[in-house]
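Trainee: structure for the following, please:
(one chain, ligands or ions: 3)
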Amino acid sequence: MTRSGLSDTIAAIATAPGSAGVGIVRVSGPDALNVADGVFKGKRAPSRTAGGRFLFGELIANDGEVLDEGLCLVFREPRSYTGENVVELQSHGSPAVLSRVLARALELGARPARPGEFTLRAYLAGRLDLAQAEAVLGLVEAQTDGARRQASLGLSGALGARVARVAAGLIRALAAIQAMLDYPEEGVPDEDRAEPLAQAQAELEALLASARAGQVSTRGARLALIGRPNAGKSSLLNALVGFERSIVTPTPGTTRDYLEAGLELAGVPVTLVDTAGLRDTVDEIEAAGVRQARALAEAADLVLVLEDGSTAREELPLDVTGTPARVIRLRTKSDLPAAWTDSELLDVSAVTGAGLPQLREAVRVALLGDAARGEAWLTTERQADAARRALGHVQDAQTLPDDLAGYELEEALRALAEITGQDVQEDVVDAVFRNFCVGK
Ligand SMILES: Nc1nc2c(ncn2[C@@H]2O[C@H](COP(=O)(O)OP(=O)(O)OP(=O)(O)O)[C@@H](O)[C@H]2O)c(=O)[nH]1
Ligand SMILES: [K+]
Ligand SMILES: [Mg+2]
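Mentor: Ligands and ions are numbered 1, 2, ... in the order given. This next block holds a predicted model:
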């Protein structure tokens, strides 16, 4: 997408494909009001709303045929989403009606909007920064409350504010360095440079720690349940999802093909993967399941390793030396008399539910770390990459003489500015908006 052609008027169906109670065609640009006049005939006096006005009336084709009854909402520039004149034509959410309304808008001089073009215009008009535009995409795509919360925080500008705090510290350090260079005889104290730099570094490290949490909370995570036959993997999956998703029997080797169940854990969209119990077996089907289980464990974001606490402990046919963040070890069937104990493992019972709250908390910590819930996180790889480069420059600045340190801090500030899009190349902006759907 390029920035040329932004002086024209665009139109698109803004609601999801398919039938629904209400559907919206959105029009933005200098001709939006003319388009509205051509496609909409009001029946009653306009009602006033905060941002503009809305009218009840009819949506009409070029030959005067009434397509549907509906509303016309007018948002005059600059008090609109894009900063331009915007009209939203609401009809019943019928694909047939919406395609005719859109066709009429195009006849009247609008052109089809490209993916993300409404939000791109909001960005170019300065109504949103780039991180906020990414948050719009995150909000549209949010499948869980956690993803929604992070997107809302991003959209509110909280991420921009967090980044601005880091930038302010760097500017303070830069000013101190400048003073040292210009007035060496004044004896500017070393702390004036060191303190804001150390603080900026800590804040950048916290921001980067939030990046993994942000990506997990938007993209979701895969959790594999792994263990010997009859360890209680299927029972635990059922207990976590709250219904009998997976077959449970006293026969070892019940689960062969793996199966998945989706749920929300700590605000994260999680896919639980139940697998075949690990053992050597001559059964061809079960052996294939065991091979698959190992591969699923490799590919998972987090592995729950289960061991039956009610029978003699057997060695796990699996290397669980993964980092603690990747593996949570469980002793199952804690409602039964313990055949062994191990303080390294978390006791759980699928039957009584004991230990499940602690398990959910352990999953939360493993997936999200200590990224604070109320704070804005970096949610895209683009943002994380810019923060990583900024941190590198800040670290370098602390080891260099003043004149070179100043240069590193300027580079760090440039990298930070990319997060909110104050200093980005057109192709980066295009890449951000390419991910949007038409109508956003
Ligand atoms: N008392 C008690 N029994 C349990 C618990 N979890 C599982 N069981 C029993 O242990 C047996 C095996 O449970 P499954 O959930 O099928 O175990 P699995 O690990 O999926 O077994 P495979 O699929 O064969 O590898 C069943 O008889 C379950 O009822 C538990 O927390 N407490
Ligand atoms: K079983
Ligand atoms: Mg099973």
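
Trainee: quick one: the helices in this protein?
Mentor: 32-39, 95-107, 117-124, 130-141, 145-155, 158-182, 191-219, 233-241, 284-299, 356-368, 381-397, 402-420, 426-434 (DSSP state H).

Trainee: for these, which one sits closest to Leu89?
Mentor: helix 95-107 (5.7 Å; C-beta to C-beta). The way it works is simple: take the backbone N, C-alpha and C, and place the C-beta from them, glycine included.

Trainee: touching that closest one from outside, list them.
Mentor: By C-beta atoms under 8 Å, 6 or more residues apart in numbering, the surrounding residues in contact with helix 95-107 are 11-13, 15, 17-19, 23, 25, 27, 35, 38-39, 59-62, 67-68, 89, 91, 112.

Trainee: and the helices of the chain, which one is worst for confidence?
Mentor: Per-segment mean pLDDT for the helices of the chain reaches its minimum on helix 426-434, at a mean of 73.

Trainee: helices or strands up against that one?
Mentor: Here helix 426-434 touches helix 117-124, helix 130-141, helix 381-397, going by 3 or more C-beta pairs under 8 Å, 6 or more residues apart in numbering; DSSP states H and E.

Trainee: tell me which residues in it are buried?
Mentor: Residues of helix 426-434 classed as buried by neighbour count (16 or more other C-beta atoms under 10 Å): 429, 432-433.

Trainee: contact partners for the residue most central in space within the chain?
Mentor: In the chain, the residue lying closest to the centroid (C-alpha atoms, centre = their mean) is Thr218, at 3.0 Å. Neighbouring residues of Thr218 by C-beta under 8 Å, 6+ apart: 138, 141-142, 147, 150-151, 379.

Trainee: residues touching the closest residue to it other than its chain neighbours, list them.
Mentor: The spatial neighbour of Thr218 that comes closest, neighbours along the chain excluded (C-beta to C-beta, 6 or more residues apart in numbering), is Ala147 at 5.0 Å. By C-beta under 8 Å, 6+ apart, the contact set of Ala147 is 138, 141, 217-218, 267, 269.

Trainee: max pairwise distance over the residues you listed: which two?
Mentor: For these, the farthest-apart pair by C-beta to C-beta is Glu141 and Gly267; their separation is 14.9 Å.

Trainee: which of the helices and strands packed on helix 426-434 sits closest to ligand 3?
Mentor: helix 130-141 (32.7 Å; C-beta to the ion).

Trainee: give me the number of residues near the residue of the stretch 51-200 of the chain found nearest ligand 1?
Mentor: In the stretch 51-200 of the chain, the residue that lies nearest ligand 1 is Thr144 (26.3 Å; C-beta to the nearest ligand atom). By the measure other C-beta atoms under 10 Å, the count of residues near Thr144 is 20.

Trainee: what do you get for Arg104?
Mentor: Counted with other C-beta under 10 Å, Arg104 comes out at 22.

Trainee: just Glu344 next, same as before
Mentor: Residues lying near Glu344 (other C-beta under 10 Å) number 7.

Trainee: any idea how far it is from ligand 2?
Mentor: 25 Å (C-beta to the ion, to the nearest Å).

Trainee: do the same with Arg245
Mentor: From Arg245 across to ligand 2, the span is 14 Å (C-beta to the ion).

Trainee: who's in contact with whatever residue of the chain ends up closest to ligand 1?
Mentor: Distances between the chain and ligand 1 by C-beta to the nearest ligand atom are smallest at Gly277, namely 2.7 Å. Residues counted as contacts of Gly277 (C-beta under 8 Å, 6+ apart) are 227-231, 233, 252-253, 255, 290, 293.

Trainee: as JSON lines, the residues you listed with distance to Ser7 would be great.
Mentor: Formatted as JSON lines, those follow (distance: C-beta to C-beta, whole Å):
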{"residue": "Gly227", "distance to Ser7": "63"}
{"residue": "Arg228", "distance to Ser7": "67"}
{"residue": "Pro229", "distance to Ser7": "68"}
{"residue": "Asn230", "distance to Ser7": "69"}
{"residue": "Ala231", "distance to Ser7": "65"}
{"residue": "Lys233", "distance to Ser7": "60"}
{"residue": "Pro252", "distance to Ser7": "70"}
{"residue": "Gly253", "distance to Ser7": "68"}
{"residue": "Thr255", "distance to Ser7": "61"}
{"residue": "Val290", "distance to Ser7": "63"}
{"residue": "Ala293", "distance to Ser7": "59"}
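
Trainee: next step: these restricted to strands.
Mentor: Gly227 (DSSP state E).

Trainee: from the contacts of Gly277, which are also near ligand 2?
Mentor: With C-beta under 5 Å from the ion as the criterion, the contacts of Gly277 include Asn230 near ligand 2.

Trainee: most neighbours, which of the contacts of Gly277?
Mentor: Highest count within the contacts of Gly277 by other C-beta under 10 Å belongs to Lys233, 31 neighbours.

Trainee: the residue nearest to Leu278 when sequence neighbours are not counted and ligand 2, how far apart?
Mentor: Nearest residue to Leu278, sequence neighbours excluded (C-beta to C-beta, 6+ apart): Pro317, at 4.8 Å. Applying C-beta to the ion, the value for Pro317 to ligand 2 is 16 Å.

Trainee: show me what contacts Pro317?
Mentor: Pro317 touches 228, 278-280, counting by C-beta under 8 Å, 6+ apart.

Trainee: tabulate the helices and strands packed on helix 426-434 (a markdown table), appending mean neighbour count and distance to ligand 2.
Mentor: A markdown table is the format used below for the helices and strands packed on helix 426-434 (neighbours: other C-beta atoms under 10 Å; distance: least, C-beta to the ion, whole Å):
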| stretch | mean neighbour count | distance to ligand 2 |
| --- | --- | --- |
| helix 117-124 | 23 | 50 |
| helix 130-141 | 22 | 37 |
| helix 381-397 | 20 | 40 |
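
Trainee: distance to ligand 1 added to these, as CSV?
Mentor: Formatted as CSV, the helices and strands packed on helix 426-434 follow (distance: least, C-beta to the nearest ligand atom, whole Å):
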stretch, distance to ligand 1
helix 117-124, 46
helix 130-141, 33
helix 381-397, 36
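
Trainee: could those go into TSV alongside distance to Glu77?
Mentor: Compiled in TSV, the helices and strands packed on helix 426-434 are given as follows (distance: least, C-beta to C-beta, whole Å):
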stretch	distance to Glu77
helix 117-124	11
helix 130-141	19
helix 381-397	29
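
Trainee: contacts only, for Leu345.
Mentor: 307, 329-331 are the contacts of Leu345 under C-beta under 8 Å, 6+ apart.

Trainee: cool, and Leu409?
Mentor: 170, 173-174, 177, 393-394, 397.
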